[in-house]
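K.L.:
dropping the sequence and predicted coords here.
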Amino acid sequence: MPDLLTAVLAVSPTLNHVACVRSDFAILLWDATTDRLERTLAGHTAAVNACAFSGDARRLASAGSDGTLRVWDVATGRNVATITGVTPAARCIALAGDGTRMVSGSSADILTMWDAETGDKIVDLVGHADSVNWCAFSPDDRLVASASDDETLRLWDAATGGCLAVFRGHTAAVLSATFSPSGESLLSAALDDTARLWDLPAGREVAALEGHAGPVNACGFSPDGQRAITAGDDGAVGVWDTLGGRLVAMLEGHSDAVNACAFSPDGRTIASASDDKTVKLWDVPNRAASRSWKGHADWVVAAAFSSDSRWAATASRDRSVRLWDPAGGRVVSVLEGHTATPSGCAIAPQVPLLVSASSKETLSWTLSPDGHAELVDSIQGSGVVRFSHDGRYLLLADQASPVLVDLHTGQEATRYSGLQGDVTCACFSADDRFVLAGSADRTLRLWDRASAAAVAMLTGHADIVTGCAFSPDGRHVASSSRDATVRLWDVPSGEARMTLSGHALGCTCCAFAHDGSAILSGSSDTTVRSWNVETGEGRIAFYALGCIECLEFSPDGRWLCVGDWGGNAYLLAVEEPQPTDPQPSAADQGSDAAAVVAFYPEGLLHKFGFGDGDMLYDFVQEHGLGVDDRDLLVAVVERLVVPELDQAVETYTLGTMHNPIRALTVDGEQADIDSTLTPDIVEVSESEIIRLAQTLPRAAGDGETK
């Protein structure tokens, strides 16, 4: 049997039919529910460039390199109409909802509207400056949209052929697009490695969907319009939340470019077709089990898990350490006692001991079975804190010297030398044989833990080293730097193996995945990226609301904790990859298709963030308002800011990938809040904020207003 050409694929909008093309130019109609070939549509004498169903799914249109357009009856397979002599040959085609009108586009810059029953030309749609790659009718058949090599999309009046709007934003040819089920949005895919969401009534771009490592070939909406999917040259299928364009999951399994993708009519399954000559079915990633970690009032700068993954700890610039139950997503204890920002925290293996360190003091806490903690010791401050895997040693830092403390004796065992700048990060190898530390001097040093002998110096970063980690097998080391790169090094030689570039701003942290196959890095650009250790290929795995400061895997590999400058801690669940063989969906098994699925925080507070973390918090303290600064931020946004924004912007549509609304400063007479979705800055007076605060409940434990 001739091979399937999976670059040409169409899915019925109302029935479970899939149309695909064979290399002998025949069109195959499959029943997607039974996997049965229903009929073969033969007639084209050259390659079929495109096919599309009508809105009522009763007809199928096809465009061939033989210069013909054909309309088929889906139920019988009969060729209803044939239009010949189409020059140049059409490369895209669309049918109206009732199948009576058809529009086609070609390598010329003109689209043509046809009567699909008589074959007569109705009108030419003129305006593009280059080849037309895609066209479609809106769900109500009143509009036609098109995408072109001229980097634009156009919206046309389907009755007159007049151009109604031009959408600019892509920086390369637009390959494909699709209408949302409501007809109020467009999703486009382009050679610039992005997909973009467009609001048609407002005539503007809503979000750029960035995450593919190559051109985006196709895209689609879920039946309810809440999810979008993209098919990439990188072999991946992206799943996105259409409310703000957040990446939900990247489905990986194809071995070549993915050319087409579509949701099933019930929205539970995604189909993708690839140059690897396979069609794969995926469950839509589940978002029902979300976790949000709320509590910190400022930057989350460090995170740690207990060795049994039962507890997690986060340290913040609000000078507190919070102990969490990861499974329940709740705060178990709030540990207070630091007089400076904790720079790190760690939970001892097999021992109920938590240590947190700041520049002024290193505090030790004993943990009870229910998670409550008691302060038991305080020693000199440290820049880092790490336990050895066997639980015997604690690694601290005294300016430029990593210091090893023997927990059996409570005394300093070893001091490592060689760094010329303050220690910024440190860790043990999995077998505790080596100690690694990064420095403000832009280098890393590797020592033999027992003898303190220098093993290697790792040089190459162009700025401060911010994070380091050993691979699980101990053969490699990863490091992150403010130079916006992650580097992979061999152990024990210290030779540079790979430089991973892709972050837009400085990298702040890094960690190896549990199986060692990937490195995850966090950045001030608000993203977590996942890098393949063998190939160096990277992709965006998660977007945070603020600049990312820390990330940490749980020892069992099930959880990833991420902290940002907005005081937000995110719990990410690491799931097993979904089976990638073409087979029926396994949605009932509850499996997820992504290697890392973001359990995203919910609620208005997390949609607006805290900017650099010290505006409303300081304002509340300075004026003795006695309210929770997070409650105040929500109230300011809801009651004072949103009513002043453009009426086309609703509160719930303000979620984007990069701090949609951010309180900038609270000083003098005004507090400015800036929205990235509107050009306006809404100015809120100091007196308005104070008056609003007086209407809010008092924070627990606060005294009277001063």
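P.N.:
That came through, no problem.

K.L.:
show me where the stretch 451-600 of the chain has strands.
P.N.:
For the stretch 451-600 of the chain, the strands defined by DSSP state E, counting those that start in this stretch cover 454-458, 465-470, 476-481, 485-490, 496-501, 507-512, 518-523, 527-532, 538-543, 548-553, 559-564, 569-574, 596-599.

K.L.:
closest to Val48 out of those strands?
P.N.:
The closest of the strands of the stretch 451-600 of the chain to Val48 is strand 538-543. By CB to CB, the value is 32.4 Å. C-betas here are computed from N, CA, C, even on glycine.

K.L.:
who are the packing partners of the closest one?
P.N.:
The helices and strands touching strand 538-543, judged by 3 or more CB pairs under 8 Å, 6 or more residues apart in numbering; DSSP states H and E, are strand 246-252, strand 527-532, strand 596-599.

K.L.:
let's see the first one as PDB, backbone CA atoms only.
P.N.:
Below are the C-alpha coordinates for strand 246-252, written out as PDB (Å, rounded to 0.1, in the frame of the first residue of the first chain):
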ATOM      1  CA  ARG A 246       0.400  29.500  29.200                       C
ATOM      2  CA  LEU A 247       2.200  26.300  28.100                       C
ATOM      3  CA  VAL A 248       0.500  23.300  29.800                       C
ATOM      4  CA  ALA A 249       2.500  20.500  28.300                       C
ATOM      5  CA  MET A 250       4.800  19.600  25.400                       C
ATOM      6  CA  LEU A 251       4.000  16.200  24.000                       C
ATOM      7  CA  GLU A 252       7.100  14.500  22.800                       C
END
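
K.L.:
keeping just the C-alphas, turn the next helix or strand after that strand into PDB.
P.N.:
As assigned by DSSP states H and E, the chain's next helix or strand after strand 246-252 is strand 258-263. Extracted C-alpha coordinates of strand 258-263, given in PDB (Å, rounded to 0.1, in the frame of the first residue of the first chain):
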ATOM      1  CA  VAL A 258       4.700  17.100  13.200                       C
ATOM      2  CA  ASN A 259       2.600  18.500  10.300                       C
ATOM      3  CA  ALA A 260      -0.900  18.400  11.600                       C
ATOM      4  CA  CYS A 261      -2.800  18.200  14.900                       C
ATOM      5  CA  ALA A 262      -6.400  18.200  16.000                       C
ATOM      6  CA  PHE A 263      -8.700  17.600  19.000                       C
END
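
K.L.:
paired strands for strand 258-263, with orientation please.
P.N.:
Note on strand 258-263: by DSSP bridges, its sheet partners are strand 269-274 (antiparallel).

K.L.:
what mean pLDDT does the helix or strand following the strand it pairs with get?
P.N.:
Once strand 269-274 ends, the next helix or strand along the chain (criterion: DSSP H and E) is strand 279-283. The predicted model assigns strand 279-283 a mean pLDDT of 76.

K.L.:
between strand 279-283 and strand 269-274, how many degrees?
P.N.:
150 degrees (axes from the mean of the first three to the mean of the last three CA atoms, to 10 degrees).

K.L.:
just the angle for strand 279-283 relative to strand 246-252, thanks.
P.N.:
Going by the same axes, to 10 degrees, strand 279-283 makes 140 degrees with strand 246-252.

K.L.:
what's strand 279-283 packed up against?
P.N.:
With contacts taken as 3+ CB pairs under 8 Å, 6+ apart, strand 279-283 sits against strand 4-11, strand 269-274.

K.L.:
change it to 7 Å
P.N.:
Counting contacts by 3 or more CB pairs under 7 Å, 6 or more residues apart in numbering; DSSP states H and E, strand 279-283 packs against strand 269-274.

K.L.:
between the helices and strands packed on strand 538-543, which one is nearest to Leu640?
P.N.:
Taking those one by one with CB to CB, strand 246-252 is closest: 26.1 Å.

K.L.:
just to revisit the earlier point, save the strands of the stretch 451-600 of the chain as a markdown table, and put in mean pLDDT too.
P.N.:
A markdown table is the format used below for the strands of the stretch 451-600 of the chain (pLDDT from 0 to 100):
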| stretch | mean pLDDT |
| --- | --- |
| strand 454-458 | 95 |
| strand 465-470 | 96 |
| strand 476-481 | 96 |
| strand 485-490 | 96 |
| strand 496-501 | 94 |
| strand 507-512 | 94 |
| strand 518-523 | 92 |
| strand 527-532 | 87 |
| strand 538-543 | 76 |
| strand 548-553 | 89 |
| strand 559-564 | 83 |
| strand 569-574 | 74 |
| strand 596-599 | 22 |
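
K.L.:
what confidence value was assigned to the residue lying farthest from the centre of the chain?
P.N.:
Distance from the centre of the chain peaks at Thr118, with 48.1 Å (CA atoms, centre = their mean). The per-residue pLDDT reported for Thr118 equals 88.

K.L.:
over to Thr84?
P.N.:
91.

K.L.:
can you report how many residues lie near Asp24?
P.N.:
Counted with other CB atoms under 10 Å, the neighbours of Asp24 add up to 12.

K.L.:
quick one: low-confidence parts of the stretch 201-350 of the chain?
P.N.:
265-266, 286-295, 327-329 (pLDDT under 70).

K.L.:
now do the strands in it.
P.N.:
204-210, 216-221, 227-232, 236-241, 246-252, 258-263, 269-274, 279-283, 292-293, 300-305, 312-316, 320-325, 330-336, 342-347.

K.L.:
mind checking the SS state of Pro181?
P.N.:
Using DSSP: H, G, I helix; E, B strand; the rest coil, the structure places Pro181 in coil.

K.L.:
against Ala136, how distant is the closest residue to it other than its chain neighbours?
P.N.:
Distance criterion CB to CB, 6 or more residues apart in numbering; nearest residue to Pro181, sequence neighbours excluded, is Gly225 at 4.8 Å. Gly225 is 15 Å from Ala136, where distance means CB to CB, to the nearest Å.

K.L.:
these two: who's more crowded?
P.N.:
Counted by other CB under 10 Å, Gly225 and Ala136 do not tie: Ala136 has more neighbours, with 22 against 18.

K.L.:
can you name the residues that contact the more buried one?
P.N.:
Contact partners of Ala136, counting by CB atoms under 7 Å, 6 or more residues apart in numbering, are 94, 145, 178-179.

K.L.:
list just the nearest of those to Ser316.
P.N.:
Thr178 (42.6 Å).

K.L.:
what helix or strand does Phe619 sit in?
P.N.:
Assigned by DSSP H and E, Phe619 belongs to helix 616-623.

K.L.:
equivalent analysis for Ser687, please.
P.N.:
For Ser687, the host element (DSSP H and E) is helix 686-693.

K.L.:
can you give me the buried ones in that helix?
P.N.:
689, 692-693 (16 or more other CB atoms under 10 Å).

K.L.:
lowest pLDDT pick from those residues?
P.N.:
Across the buried residues of helix 686-693, the bottom pLDDT score, 79, is held by Ile689.

K.L.:
circling back: out of the helices and strands packed on strand 538-543, which comes closest to Ser54?
P.N.:
Ser54 lies closest to strand 246-252 among these, at 29.0 Å (CB to CB).

K.L.:
what's that closest one packed up against?
P.N.:
strand 236-241, strand 538-543.

K.L.:
coming back round to it: sec struct for the residue farthest from the centre of the chain, please.
P.N.:
With three-state DSSP as the basis, Thr118 sits in coil.

K.L.:
relative to Ala81, how far out is it?
P.N.:
The value you get for Thr118 to Ala81, if CB to CB is used, is 7 Å.

K.L.:
for Gly225, same thing?
P.N.:
Computed as CB to CB, the Gly225 to Ala81 distance reads 32 Å.

K.L.:
ok, Gln420 next?
P.N.:
79 Å.

K.L.:
do Pro139 as well
P.N.:
For Pro139, the distance to Ala81 equals 23 Å [CB to CB].

K.L.:
and if you look at Arg204?
P.N.:
Arg204 is 38 Å from Ala81, by CB to CB.

K.L.:
the two: which is more packed in?
P.N.:
Ala81 (18 against 13).

K.L.:
which secondary structure state does Asp24 sit in?
P.N.:
coil.
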